Each structure stands twice: as structure tokens, then as C-alpha cells.
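> pasting the sequence and the predicted model now:
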Amino acid sequence: MIANDEPLYRIPSTFNYIKLVERNEAAWELYYDLATLLGTASEQDENSLRYNQLIEKLSETVDLIDWETENKAKRNKQFRAATNFIKPELEKKNSPSTPSLNLIGHAHIDVAWLWTR
């Protein structure tokens, strides 16, 4: 609640539809690998060697996939091949003196607290 007693967010009381889906693990992994490297590239100076190396590798990776195919098995095989192709970029370190960061997190999500109404 904020000062005027208005809730910070509203949870809809009804939904128009619900859809159960199965996550495509090959696509999921590739998406986040590409997003990570694109995020890294976006933090670089556009004139730097590293920026251009990352953009070139991202372009090459995306080119490995036939985006027109409707064959799920073929597409997933290409997603896995692209993930393996880009993996060395994700494993690169800046230098031996680059610090490492280790994080531990915990969350307690009480999903029933609004259901008392």
C-alpha cells in the first residue's frame, strides 16, 4: 500500500483464457545465450574490437538457423548447433585479473496471501 491506501499493483480477478504450453528447451537456452551476448555487446564501445567480434559472432549464429522450416526436430537440432557454436564466446574471460562474482539467492513466495477474499 502507498500513502493514499491504493495498492501498488492490481491482480486481475478473472482471466479471459489460460494456455498450457511446453517450453522448448533448445530455443530457451539459445535465446538466453544470444540475449546475454547481445547485452554484453551493447555495453561495449561500438568502435571496439570486442563489440565487433560479438556482433559478428551473433550474426553468424543466427545465420545457422533456417527460420523458414516448420520441422520442429530440424529446428531444434539447429538451435542446439547454434548454442554449441556460440558457447566459446560465453566462456571467454576478460583477463586473468577479472574478478568473479558468486551469488546466492532465496525467495519465499506466498501465493495464498491474496486468496483469502
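Thanks, I have the structure now. Because the structure is a prediction, the values reported are computed rather than measured.

> show me what contacts the closest residue to residue 65 other than its chain neighbours?
Nearest residue to residue 65, sequence neighbours excluded (C-beta to C-beta, 6 or more residues apart in numbering): residue 78, at 4.7 Å. From N, CA and C alone the C-beta is placed, and that goes for glycine too. Contact analysis of residue 78 by C-beta atoms under 8 Å, 6 or more residues apart in numbering lists 64-66, 69.

> could you redo the last one with a cut-off of 10 Å?
Contacts for residue 78 (C-beta atoms under 10 Å, 6 or more residues apart in numbering) come out as 26, 30, 64-67, 69, 71.

> all helices for the protein, in order.
Here the chain has its helices, by DSSP state H, at 25-42, 49-63, 72-91.

> how about a markdown table for those helices, with mean pLDDT and distance to residue 104 added?
Below are those laid out as a markdown table (pLDDT from 0 to 100; distance: least, C-beta to C-beta, whole Å):
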| stretch | mean pLDDT | distance to residue 104 |
| --- | --- | --- |
| helix 25-42 | 94 | 20 |
| helix 49-63 | 95 | 29 |
| helix 72-91 | 96 | 22 |
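
> that concludes my questions; thank you for your assistance.
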